[in-house]
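> take a look and give me a structure for this.
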Amino acid sequence: YGVGIGAIIFFLGNRRFITHQWDNYAGGHFLSSDVRYNFTHNFYPGTMRVIGPWFKGSIVKLEQGLIHLTETLAGAFHSFYRLSYTPFYLLIVTVLALAWMF
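Reported below is the predicted structural model:
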């Protein structure tokens, strides 16, 4: 019954309003023919005007620092798990187990 009532409401109440492509807005800004219809285009112009210089300087440096830290840690973990160090790790585990037992 629910699907039938829903279909009746849909077909009887389906009123369309045709609007022109440029009679619309995105992100609170009205669109015109020189702006592409994309919600990501210039979405926060006021905010970026205020924080833009700071964002481009400090945030980019912070991002580069995080990338470098991540690459360094990834290289360290990669070398930690190489198979050529397996006897060394086995020796460390054995020594720690013996130290824990005594």
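> what mean pLDDT does the longest helix belonging to the chain get?
Secondary structure of the chain read by DSSP state H shows that its longest helix is helix 60-80. Here helix 60-80 scores 88 as its mean pLDDT.
> helix or strand right after that helix?
The element immediately downstream of helix 60-80 (helix or strand, assigned by DSSP states H and E) is helix 86-101.
> just the angle for that next one relative to helix 60-80, thanks.
For helix 86-101 against helix 60-80, the angle by axes from the mean of the first three to the mean of the last three CA atoms, to 10 degrees is 90 degrees.
> before we move on, the earlier item: just the CA trace of the longest helix of the chain, in PDB.
Extracted C-alpha coordinates of helix 60-80, given in PDB (Å, rounded to 0.1, in the frame of the first residue of the first chain):
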ATOM      1  CA  VAL A  60      52.000  24.800   2.700                       C
ATOM      2  CA  LYS A  61      55.100  24.700   4.900                       C
ATOM      3  CA  LEU A  62      53.300  22.600   7.500                       C
ATOM      4  CA  GLU A  63      52.100  20.300   4.800                       C
ATOM      5  CA  GLN A  64      55.600  19.900   3.300                       C
ATOM      6  CA  GLY A  65      56.900  19.200   6.900                       C
ATOM      7  CA  LEU A  66      54.300  16.500   7.400                       C
ATOM      8  CA  ILE A  67      55.100  15.000   4.100                       C
ATOM      9  CA  HIS A  68      58.800  14.900   4.900                       C
ATOM     10  CA  LEU A  69      58.100  13.400   8.400                       C
ATOM     11  CA  THR A  70      55.900  10.700   6.900                       C
ATOM     12  CA  GLU A  71      58.500   9.800   4.300                       C
ATOM     13  CA  THR A  72      61.200   9.600   7.000                       C
ATOM     14  CA  LEU A  73      59.000   7.400   9.200                       C
ATOM     15  CA  ALA A  74      58.000   5.200   6.300                       C
ATOM     16  CA  GLY A  75      61.600   4.700   5.400                       C
ATOM     17  CA  ALA A  76      62.500   3.800   9.000                       C
ATOM     18  CA  PHE A  77      59.700   1.300   9.300                       C
ATOM     19  CA  HIS A  78      60.500  -0.100   5.800                       C
ATOM     20  CA  SER A  79      64.100  -0.700   6.900                       C
ATOM     21  CA  PHE A  80      62.900  -2.100  10.300                       C
END
